[in-house]
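*Asks:* Okay, sequence plus prediction incoming.
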Amino acid sequence: MIPKVFKEIIDLGDGRTISLETGKLAKQAHGSVVVQSGKCMLLCTVVSNYKQSDVDFLPLTVDYREKFAAAGRYPGGFFKREARPSDGEVLTMRLVDRVLRPLFPKDYHAETQVMIQLMSHDDDVMPEAMAGLAASAAIQLSDFPFECAISEARVGRINGEFVINPTRSQLEESDIDMMIGASADSVMMVEGEMDEISEEEMADAIKFAHEAIKVQIDAQIRLAEAFGKKEVREYNTAEDNEELQKRIHDLAYDKCYAIAKMGTSKAERSAAFAEIKEEVKASFTEEEMEEFGHLVGGYYSKAEKEAVRELTLSEGLRLDGRKTDEIRPIWCEIDYLPSTHGSAIFTRGETQALATVTLGTSREANKIDMPSFEGEESFYLHYNFPPFCTGEARPLRGTSRREVGHGNLAQRALKGMISENCPYTVRIVSEVLESNGSSSMATVCAGTMALMDAGVEMKRPVSGIAMGLISDGDRYAVLSDILGDEDHLGDMDFKVTGTADGITACQMDIKIKGLSYEILVNALKQARDGRLHILGKITDTIAETNAEVKAHAPKMISRRIPNEFIGALIGPGGKVIQEMQKETGCTIVINEDPVTEEGIVEILGTDPAGIEAVLANIDSLLFKPEVGSVYEVKVIKMLDFGAVVEYTDAPGNEVLLHISELAWERTNNVKDVVNMGDVFDVKYFGRDPKTRKEKVSRKAILPKPEGFKERPPRERDDRGGRDNRGRDRDRKPRSRD
């Protein structure tokens, strides 16, 4: 039986389209859709159990995978099968999860899976830009309790013009690369990197993307209506007791307000709030706790949240006693670790990051091998968030999705400010040692100082700040440098990084509907003031990048050579380059530049003498004497018919000085004129057209002896006479006939 297929088309306005199709594939899933643009195809399926899980949160899994077959490739490694997700896939999962999760009901706790797979790849289409659209379209075809359709769009700007879902080649020319997630009436998520743009330009890019998202949402709704929108499933909703809620609110609100107003530390504040919570529980009888005990914790948390928010909105005060635009105390230190190539500590309040920098050659570049993209990064950042940084003990399960995401944000913040002249592969590792507030922004600040300490040339230093927003619809307060608690209770969490000239990266999660662009721009401007304050603390610690790398850090020299010399530099079986590395203690890496058809030789070493020795070997290899020029040579071998000499400026380059070119007088014995080790000048005459051998002469630069007569060359009559075999030169050859 031929399946009935439903399809909707989204026009991107420049000849490109996106199609949504359902009814053909994966029909046992609760919702499935194929999203296609060009030859790129994503299959998204969604399934949610009908039984609620025994947890107090939504166990949602968003999984995005790229199949190597989609690009006609094999997976790398011994086992030819896709394994753990790459960082790129994890980042796409996070982008989708952050928009979907808030739209499920708070009391919906059924195991839910959203699976997105790249089934066919197109080099001109970046699939992650359509992952959010695919997820939402599949959910619209299901019976899930889900607030509203959403979508995501990528926006770039090329020559001042915004572009939706640009190609990878277009992004290389773009000064903006942002992903925006939104519903029809509200922006919910923003993440991206920029080339030092202003706050107003960032808001304009978000507006542009939002308009495109509205078109994509309309297509989802049309597809769901054509397919037949399902009734929303019933599930066991959370119990609600308004009388109990009011009782707990009356017991706890004023006390929580008073504690919040005291401006204590995290530990003191947590202990005080815990004590109030215990007092609330103690006010109930055993019978009441048996009946309502499972609701007490939630209602208390709600009262505490309301008290803290009201304190900020009405009095402009925060949990630690700061004003809304006040930054916590900051102290910084560089060169803390003696053996690293660069290091820095950045501490802001109760958040601390220790960053290290390691310098290497192109051999240490981070290789990216995904079906949708192959390449390498010469600058990359790794972020570690161990449990002790929040005073916890828990098992280590490898790198978490959160660590991948926060490290990527810090990397995007810094990478555009690394000078194009930097010859190194640069790796930053951020170890978060304390966390109460944004550790990713502390990583940006520590990373900037560590780069400057390492002597890595930067265009401008970068700082970052985490901001919050509290609003009740009529009033709002923008919070600079938020605490961890303020992140939880606020209506918007946004991190902004940048230089004194503009924004380089951002990440926003917006929890309230209908946030005006006026409030957004005001919040971004307040973030700029905070960034500049933090930047001042950084530059007070290290004002400029160190002029030289550290004594124990490797020095990098790059030299270009014609491709024809690469083989000679490497030698048979790598013998020449291996011996050179052994003798000099340097690391030598050779890459070919397909554009200029040259070889790029990278020389990395801690000993300047070793580097100079490698450069001398390369200069020797590339040495080409000029006809008519005079060069100093040294005798390295004596022969009966001459001496082998070596150019002193190009060791290893040898040439035969023939016995006839030693002196003007007739020379019977080479030793009569020169000996081993003698140094003198010779003139270079190029290659002899007959013998094709190089010719040099010592006598050519010596004064001719007085009265010296050269023996005339033997005359040869080419018009007649006999040749050296005694035959007549003008005799015609006999005919073979």
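*Replies:* Perfect, thanks for sending it. Numbering: from 1, shown residues only.
*Asks:* just checking, next helix/strand downstream of the longest strand along the chain?
*Replies:* Looking only at the chain and at elements set by DSSP state E, the strand with the highest residue count is strand 40-52. Sequence-wise, the next helix or strand beyond strand 40-52 is strand 60-66, with elements assigned using DSSP states H and E.
*Asks:* Strand 40-52 and that following strand, what's the angle between them?
*Replies:* 160 degrees (axes from the mean of the first three to the mean of the last three Cα atoms, to 10 degrees).
*Asks:* List the contacts of the helix or strand following strand 60-66.
*Replies:* The C-terminal neighbour of strand 60-66 among helices and strands, as given by DSSP H and E, is helix 87-100. Contacts made with helix 87-100 from outside it, assessed by Cβ atoms under 8 Å, 6 or more residues apart in numbering, are listed as 60, 62-66, 85, 114, 116, 128, 131-132, 135-136, 139, 150, 152, 179, 181-182, 188-189, 191, 368, 370, 372-373, 401, 404-405, 408, 509. Using the backbone N, CA and C atoms, a C-beta is placed for each residue, glycine as well.
*Asks:* ok, of those residues, which come out buried?
*Replies:* Members of the contacts of helix 87-100 that pass the buried threshold by neighbour count (16 or more other Cβ atoms under 10 Å) are listed as 60, 62-66, 85, 114, 116, 128, 131-132, 135-136, 139, 150, 152, 179, 181-182, 188-189, 191, 370, 372-373, 404-405, 408, 509.
*Asks:* what residues are up against residue 50?
*Replies:* Taking Cβ under 8 Å, 6+ apart, one finds 110, 233, 235 in contact with residue 50.
*Asks:* again but with residue 469, I slipped
*Replies:* With Cβ under 8 Å, 6+ apart as the criterion, the residues that contact residue 469 are 476-479, 490-492, 494, 512, 515, 519, 523.
*Asks:* again, but for residue 356
*Replies:* With Cβ under 8 Å, 6+ apart as the criterion, the residues that contact residue 356 are 337, 340-343, 428-429, 431, 450.
*Asks:* Identify the farthest-apart pair in the residues you listed.
*Replies:* 341 and 431 (15.6 Å; Cβ to Cβ).
*Asks:* Starting from the longest strand of the chain, tell me which strands it pairs with and how they run.
*Replies:* Taking DSSP bridges as the criterion, strand 40-52 pairs within the sheet with strand 31-37 (antiparallel), strand 110-120 (antiparallel).
*Asks:* And residue 374, what's its pLDDT?
*Replies:* Residue 374 is assigned a predicted lDDT (pLDDT) of 86.
*Asks:* Look up phi and psi at it.
*Replies:* Here is the backbone geometry of residue 374 (degrees, to the nearest 10): phi -120, psi 130.
*Asks:* partner residues bridging the closest residue to it other than its chain neighbours?
*Replies:* Closest residue to residue 374 in three dimensions, ignoring its sequence neighbours and counting by Cβ to Cβ, 6 or more residues apart in numbering: residue 368, at 6.6 Å. Here residue 368 shows beta-bridge partners residue 375, assigned using DSSP bridges.
*Asks:* mind listing what residue 368 touches?
*Replies:* Listed by Cβ under 8 Å, 6+ apart, the contact partners of residue 368 are 86, 88, 374-377.
*Asks:* pLDDT score for it?
*Replies:* Confidence per residue is given as pLDDT, and for residue 368 that number is 88.
*Asks:* again with residue 712
*Replies:* Residue 712 is assigned a predicted lDDT (pLDDT) of 62.
*Asks:* Quick check: which ranges of this protein have low pLDDT?
*Replies:* Per-residue confidence of the chain (counting by pLDDT under 70) places the weak regions at 1, 709-737.
*Asks:* where exactly do the helices run in it?
*Replies:* When secondary structure is read from DSSP state H, the chain shows helices at 87-100, 131-140, 168-173, 199-227, 242-261, 266-282, 286-315, 401-415, 439-454, 484-489, 517-541, 566-570, 575-584, 608-622.
*Asks:* can you put the ones you listed in TSV and add distance to residue 641?
*Replies:* As requested, these are arranged in TSV below (distance: least, Cβ to Cβ, whole Å):
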stretch	distance to residue 641
helix 87-100	67
helix 131-140	77
helix 168-173	61
helix 199-227	77
helix 242-261	100
helix 266-282	90
helix 286-315	97
helix 401-415	63
helix 439-454	58
helix 484-489	86
helix 517-541	71
helix 566-570	27
helix 575-584	30
helix 608-622	26
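*Asks:* closest one to residue 357 among those helices?
*Replies:* Across the helices of the chain, closest to residue 357 is helix 439-454 (Cβ to Cβ), at 4.0 Å.
*Asks:* most packed of the strands paired with strand 40-52?
*Replies:* Each of the strands paired with strand 40-52 was given a mean neighbour count from mean count of other Cβ atoms under 10 Å, and the largest, a mean of 25, is that of strand 31-37.
*Asks:* How far off centre is that strand?
*Replies:* 29 Å (Cα atoms, centre = their mean, to the nearest Å).
*Asks:* Restricting to C-alpha, output it in CSV.
*Replies:* In CSV, the C-alpha atoms belonging to strand 31-37 read as follows (Å, rounded to 0.1, in the frame of the first residue of the first chain):
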residue,chain,number,x,y,z
GLY,A,31,5.7,11.9,15.4
SER,A,32,8.2,11.8,12.5
VAL,A,33,9.2,14.3,9.8
VAL,A,34,11.7,14.6,7.0
VAL,A,35,13.2,18.0,6.5
GLN,A,36,15.0,18.7,3.3
SER,A,37,16.9,21.6,1.8
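*Asks:* just curious, which of the contacts of residue 356 is nearest to residue 175?
*Replies:* Once Cβ to Cβ is applied, the member of those that ends up nearest residue 175 is residue 428, at 23.4 Å.
*Asks:* What's the separation between the closest one and residue 358?
*Replies:* For residue 428, the distance to residue 358 under the criterion Cβ to Cβ, to the nearest Å works out to 8 Å.
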